[in-house]
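Asker: got a predicted model here, sequence first, then my questions.
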Amino acid sequence: MKKPPLSVWDAILRAEKDPSKTPVTPAPRGLAVQLDFLKLWADADSAKTQDPYLLLRNGNQQILVTVQLNASDANGNIVPLSTTELASIQLVTYVDEKPLTEISAPSPVGWAVAKHAFGYVYDRQFLNKLRTFSATVGKHLRPSARSLAHVDPLHAKLYYDDPERDGLTSSLQEEADGGKFVAYQTRSFYLSTTATSNLRVAAKIKLDNGTIIISNRLEAPLNDPKGAKGLFNCDANFTPLNFPSLPSQNYGTRKPGDTTVLNDIPVGGTGSPRFFEHHINIRLDTNTLIEIKQWSSESGHSPSLRGVYGGGWKAQCSFTRFTRVDSPILHVADEIKIIKLDGVSLYYPIDYLFNEQTQAKNFIPGQIVIWQSLFDGDITFREGYNTPQLADVVSTKLYLWDIYGNRHNLTLRFAGSTNYNWLMLDKR
């Protein structure tokens, strides 16, 4: 079959590809009157081998959805869609053509789309493993309401490699049959959900001439007032997935032989003071660690367990500091400035307790390190000289968000009212 002649734009693109070709002066081109190509897929899966796509229903995780298309004018020349036309592209439900809700931050509205990434990881292999894990362990099938959306205060970075995918983009691509160059334009969306039901979406666009095109091929006649609505049949399907409810033992590295307490790693001192490190992490199973993205405490800043048990020369003091998940630097609760050695009325800066230790020795990115000091003697904590003693803090609530957008509510506490040596981490 004889190939059709190149359009003006095709010739220009070919000349740009091969500088030896003589550039063609473009003839005037009209407005787009029809689409020649329309395709919809998710997660860089243009072949759609993974459809339907899994997505955690925590309102934070997103999957990238791409609409690719090109158009032609009344003379059959391929023409670029206008900014207005690109901006009109929407994701709609396949059957009833309702636009998905647009959001700018994590939201519990159900299925929703944003123009930018919230910064959580989409990992197809992990989701497949999670689905298998949930299907084989019945007690983990129930979701936790605590895993639903929150507003991420850190404005985290994109996890997709190409930030240009945000908003409107255009690209030149070569057709698989070789030879002919066609300019495809794309519109990208980031889809998230807190819904429990599946979703099937189509793409909708309104051309500047008023033609509305929806890719759901409902067999509308070509003279339908909506225009060429039924010319394309492309969709994408999505299945929401619950994150399992994990037991307390799956949080934190546990002490061998006693999984009720966190493992303590000696990092200095043999008498008084002596220092230990503990690790807070998340494990799906024995072989799968889930990286922590961020965390906070009920106080909103660096927490600290602190307290003295016993009295007199038998008294013992326990004090903790924490790292962030991306740095080994140890942080101190903001309100603690001074310690007082009771009995001798001596005041020292809080750094006195640290033995010049400012960084965790066994830091692991994506985990929290708790650095614990144990001292013999009656020590009290204060905001300043001659200020009232700060109350002991024997437990604190922690809030963890993993890299997939799931929230985990935990309680960290001393093991008992007469034993501040051990730390316990329990799920709430």
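Answerer: Received the coordinates, thanks. Numbering: from 1, shown residues only.
Asker: okay, and Arg131 sits in which element?
Answerer: Arg131 belongs to helix 124-136 when assigned by DSSP states H and E.
Asker: just how off-centre is that helix within its chain?
Answerer: Relative to its chain's centre, helix 124-136 lies at 18 Å (C-alpha atoms, centre = their mean, to the nearest Å).
Asker: packing partners of that helix?
Answerer: strand 53-56, strand 236-241, strand 282-285 (3 or more C-beta pairs under 8 Å, 6 or more residues apart in numbering; DSSP states H and E). Just so you know, the C-beta spots here come from the backbone N, C-alpha and C atoms, and that holds for glycine as well.
Asker: which of those is buried the deepest?
Answerer: Mean neighbours per residue, mean count of other C-beta atoms under 10 Å, is largest over the helices and strands packed on helix 124-136 for strand 53-56, with a mean of 22.
Asker: and the angle for the helix holding Arg131 with strand 236-241?
Answerer: Per axes from the mean of the first three to the mean of the last three C-alpha atoms, to 10 degrees, the angle that helix 124-136 makes with strand 236-241 is 50 degrees.
Asker: could you dump helix 124-136 to PDB, C-alpha only?
Answerer: Extracted C-alpha coordinates of helix 124-136, given in PDB (Å, rounded to 0.1, in the frame of the first residue of the first chain):
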ATOM      1  CA  ARG A 124       3.800  -2.400  42.000                       C
ATOM      2  CA  GLN A 125       5.800  -5.400  43.300                       C
ATOM      3  CA  PHE A 126       5.200  -4.300  46.900                       C
ATOM      4  CA  LEU A 127       1.500  -4.000  46.300                       C
ATOM      5  CA  ASN A 128       1.300  -7.400  44.700                       C
ATOM      6  CA  LYS A 129       3.100  -8.900  47.700                       C
ATOM      7  CA  LEU A 130       0.800  -7.000  50.100                       C
ATOM      8  CA  ARG A 131      -2.300  -8.400  48.300                       C
ATOM      9  CA  THR A 132      -0.900 -11.900  48.600                       C
ATOM     10  CA  PHE A 133       0.000 -11.300  52.200                       C
ATOM     11  CA  SER A 134      -3.500 -10.100  53.100                       C
ATOM     12  CA  ALA A 135      -5.200 -13.000  51.200                       C
ATOM     13  CA  THR A 136      -3.200 -15.600  53.000                       C
END
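Asker: pull the residues that contact it.
Answerer: The contact list for helix 124-136 (C-beta atoms under 8 Å, 6 or more residues apart in numbering) reads 43, 50, 53-56, 140-141, 241-244, 284-285, 288, 404.
Asker: circling back to that earlier point, the helices and strands packed on helix 124-136: which one's closest to Leu423?
Answerer: Among these, strand 282-285 comes nearest to Leu423, with 16.7 Å by C-beta to C-beta.
Asker: mind checking the pLDDT average for the closest one?
Answerer: Strand 282-285 comes out with an average pLDDT of 93.
Asker: next, Phe363: secondary structure please.
Answerer: coil (DSSP: H, G, I helix; E, B strand; the rest coil).
Asker: correct me if wrong: Ser72 contacts Ala32.
Answerer: Yes - with contact defined as C-beta atoms under 8 Å, Ser72 counts as touching Ala32 (6.8 Å).
Asker: quick one: which of these two has more around it?
Answerer: Ranked by neighbour count (other C-beta atoms under 10 Å), Ser72 and Ala32 place Ala32 first, with 25 against 19.
Asker: just put the helices and strands packed on helix 124-136 in a markdown table and tack on distance to Leu346.
Answerer: Formatted as a markdown table, the helices and strands packed on helix 124-136 follow (distance: least, C-beta to C-beta, whole Å):
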| stretch | distance to Leu346 |
| --- | --- |
| strand 53-56 | 53 |
| strand 236-241 | 58 |
| strand 282-285 | 42 |
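Asker: in the stretch 51-200 of the chain, where is pLDDT below threshold?
Answerer: Applying pLDDT under 70 to the stretch 51-200 of the chain picks out residues 134-182.
Asker: all the strands of it, in order from the start?
Answerer: 53-56, 63-72, 78-79, 90-93, 101-102, 112-114, 168-174, 181-192, 199-206 (DSSP state E, counting those that start in this stretch).
Asker: kindly report the same for the stretch 201-350 of the chain.
Answerer: 212-214, 236-241, 254-255, 258-262, 265-268, 274-280, 282-285, 288-290, 292-297, 306-309, 316-322, 338-341, 346-349.
Asker: from the chain's centroid, how far away is the first one?
Answerer: Using C-alpha atoms, centre = their mean, the distance from the centre of strand 212-214 to the centre of the chain it belongs to is 32 Å.
Asker: and it, which strands flank it?
Answerer: strand 199-206 (antiparallel) (DSSP bridges).
Asker: list of residues touching the strand it pairs with?
Answerer: Under C-beta under 8 Å, 6+ apart, the answer for strand 199-206 is 35, 38, 40, 65, 67, 69, 81, 85, 88-95, 97, 99-100, 111, 193, 212-216, 234-238, 240.
Asker: noted, bye for now.
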